[in-house]
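Student: everything below, folded, please.
(2 chains)
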Amino acid sequence: GAVVSQHPSWVICKSGTSVKIECRSLDFQATTMFWYRQFPKQSLMLMATSNEGSKATYEQGVEKDKFLINHASLTLSTLTVTSAHPEDSSFYICSATTEDRDLREQYFGPGTRLTVT
Amino acid sequence: AQSVTQPDIHITVSEGASLELRCNYSYGATPYLFWYVQSPGQGLQLLLKYFSGDTLVQGIKGFEAEFKRSQSSFNLRKPSVHWSDAAEYFCAVGAKGRVSGGSYIPTFGRGTSLIVHP
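Tutor: Predicted coordinates:
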């Protein structure tokens, strides 16, 4: 139980275009969803947290207008990278918590590899 | 604010040898502690967690970790490493002071890369 999926698993886009990444909780309702960014050989950097129906809370230094987060339902959050540039290439990971279990524990998706050419 | 230190960037062990990955945290109260493993190109898999109670925690894949309050440590151990254990390992700490919508936001260490020699 507590499975999180991401789609797509990898995507290549051209510089200047936008790309949307989906994060779904498959067998539970997500209280909070988290978006992380991970550079090669580095740790996870939290980008933002979002609760269903509310605006996302962004970490300091993360551009809200560039990384649009929509948490439209209790099972779906999307991250849209707008006007992507090569420096946005990274591994994006989402996670979720649920009130049905322990809110101290996060369940992670498999990640999405974004390459901007 | 809490912080996590994983002092070893790389650890190399021979298959069958024992393993210990170090993790130190900084937080005023009792933290919530996690160890995750990440294979290349994959998401994070929870190995084990400590919230309270017995300070020796058993996890999946034969891993265990011990919470030592006096040393602010939560080191991960395995008595006999398998080649399939080669991966990146992350220690994380969650705390009451960092919460969103009731959910705790963990702080991750920078990770330790485990290399296993045959």
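Student: now the strands for chain B?
Tutor: Counting by DSSP state E, chain B has these strands, from start to end: B:3-5, B:10-14, B:19-21, B:24-26, B:32-38, B:45-50, B:56-58, B:64-68, B:73-78, B:87-94, B:99-100, B:103-104, B:107-108, B:112-117.
Student: for chain A, that is, sorry about that
Tutor: A:4-7, A:10-13, A:19-25, A:32-38, A:44-51, A:57-58, A:67-73, A:76-81, A:90-97, A:107-108, A:112-116.
Student: if we can go back for a sec, weakest of the strands of chain B by average pLDDT?
Tutor: Ranked by mean pLDDT, the strands of chain B end with strand B:99-100 in last place, scoring a mean of 72.
Student: what's in contact with that strand?
Tutor: Outside strand B:99-100, the residues that touch it by C-beta atoms under 8 Å, 6 or more residues apart in numbering or on different chains are A:32, A:34, A:49, A:51, A:57, B:105. For the C-beta atoms, the positions are set from N, CA and C on the backbone; glycine is no exception.
Student: quick check, central residue of chain A?
Tutor: The centroid of chain A falls nearest to residue A:35 when counting by C-alpha atoms, centre = their mean (3.5 Å).
Student: pLDDT wise, what is the closest residue to it other than its chain neighbours at?
Tutor: The shortest distance from residue A:35 to any non-neighbouring residue, by C-beta to C-beta, 6 or more residues apart in numbering or on different chains, is to residue A:47 (4.5 Å). As predicted, residue A:47 sits at a pLDDT of 95.
Student: shouldn't residue A:47 be in contact with residue A:23?
Tutor: No: Residue A:47 is beyond contact range of residue A:23, at 12.0 Å (criterion: C-beta atoms under 8 Å).
Student: the more surrounded of these two?
Tutor: residue A:23 (28 against 22; other C-beta atoms under 10 Å in any protein chain shown).
Student: pretty sure the more buried one contacts residue A:33?
Tutor: Yes: using C-beta under 8 Å, residue A:23 is in contact with residue A:33, at 6.1 Å.
Student: shared neighbours of these two, anything?
Tutor: Between them, residue A:23 and residue A:33 share the contacting residues A:77, A:94, A:96, judged by C-beta under 8 Å, 6+ apart.
Student: do you know the pLDDT at the last one?
Tutor: What it means is residue A:96. For residue A:96, the predicted pLDDT is 93.
Student: so it versus residue A:16, what's the distance?
Tutor: Distance, residue A:96 to residue A:16, using C-beta to C-beta, to the nearest Å: 31 Å.
Student: who's more crowded, the two?
Tutor: residue A:96 (26 against 10).
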